[in-house]
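[1] Generate a structure from the sequence data that follows.
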Amino acid sequence: MENIKNIIESLLLVTEEPLTIDRIKNILIEPGRKEVHNALTELSAEYEARKGGFLLREVAGGYQIRTRPEYREWIKRLIQPKPLRLSKAALETLAIIAYKQPIIRSDIEHIRGVNCGGILRMLLERKLIRILGRKEIPGRPIIYATTKQFLETFDLKDLKDLPTPEEIATLGDASLENME
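    Have a look, this model is predicted:
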């Protein structure tokens, strides 16, 4: 298949969610995983060399064409997106779920020290977390985990890209030094 790069580029342009190598392979039928991966690598290198308005990123377990961060200001002027606003409590709850998943509500509330039912509902509505099922203990509480939307929103390839507690502490120390 000689047009594989062009076909993949077309698929990436029309999709709203990241495409996995397997999904692309299933759509194209003929080429194998290696050919699809090589085409994606070549496309990424071409976009990088061109330094145009977009790039190819691996995000949420798939590939997606995204605009370059340095052009964010102009893009905001055009589309004026409604920013994702999360309260401090929502961010704390989301961080607990991201780092401790799979997790039940009582464990989240134990860590935070407050009720978080409303926050969990809001995070579910925004599709940042999902329900995995129910834990096999008395009361059968709901088990929560993050979603692909969470990975896309925070520009993460997978959960391993979350900062470690040591990196977070280093950032906190650096910001304190800048305040002094």
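
[2] need the contact list for the residue nearest to residue 145 when sequence neighbours are not counted.
    Excluding its sequence neighbours, the residue lying closest to residue 145 (CB to CB, 6 or more residues apart in numbering) is residue 101, at 4.1 Å. Heads up, the C-betas are built off the backbone N, CA and C, glycines and all. Residue 101 makes contact with 144-146, 159, according to CB atoms under 8 Å, 6 or more residues apart in numbering.

[3] Next: residue 99.
    Contacts of residue 99 by CB under 8 Å, 6+ apart are residue 162.

[4] Just the CA trace of the helix or strand containing it, in CSV.
    Secondary structure from DSSP states H and E places residue 99 in helix 88-100. Extracted C-alpha coordinates of helix 88-100, given in CSV (Å, rounded to 0.1, in the frame of the first residue of the first chain):
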residue,chain,number,x,y,z
LYS,A,88,-9.4,22.8,44.2
ALA,A,89,-11.6,20.0,45.8
ALA,A,90,-12.3,18.5,42.3
LEU,A,91,-8.6,18.6,41.5
GLU,A,92,-7.7,16.9,44.8
THR,A,93,-10.3,14.2,44.2
LEU,A,94,-9.2,13.7,40.6
ALA,A,95,-5.5,13.4,41.7
ILE,A,96,-6.4,10.8,44.4
ILE,A,97,-8.3,8.7,41.8
ALA,A,98,-5.5,9.1,39.3
TYR,A,99,-2.8,7.9,41.7
LYS,A,100,-4.8,5.3,43.7
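
[5] now stretch 43-55: mean pLDDT?
    Mean per-residue pLDDT for stretch 43-55: 90.

[6] hmm, who's touching that stretch?
    Residues contacting stretch 43-55 (CB under 8 Å, 6+ apart): 5, 8-9, 12, 56, 65-68, 71.

[7] In helices, which of these fall?
    5, 8-9, 12 (DSSP state H).

[8] Show me which of those residues are buried.
    Neighbour-count burial (16 or more other CB atoms under 10 Å) is assigned, among those, to 8-9, 12.

[9] Tell me the one of these nearest residue 89?
    If you rank those by distance to residue 89 using CB to CB, residue 12 comes first, at 36.5 Å.

[10] follow-up on the earlier one: and which of the contacts of stretch 43-55 is nearest residue 138?
    residue 66 (45.7 Å).

[11] mind listing what the closest residue in space to residue 19 that isn't next to it in sequence touches?
    Among residues not flanking residue 19 along the chain, residue 62 sits closest, at 4.9 Å (CB to CB, 6+ apart). By CB under 8 Å, 6+ apart, the contact set of residue 62 is 17-21, 23.
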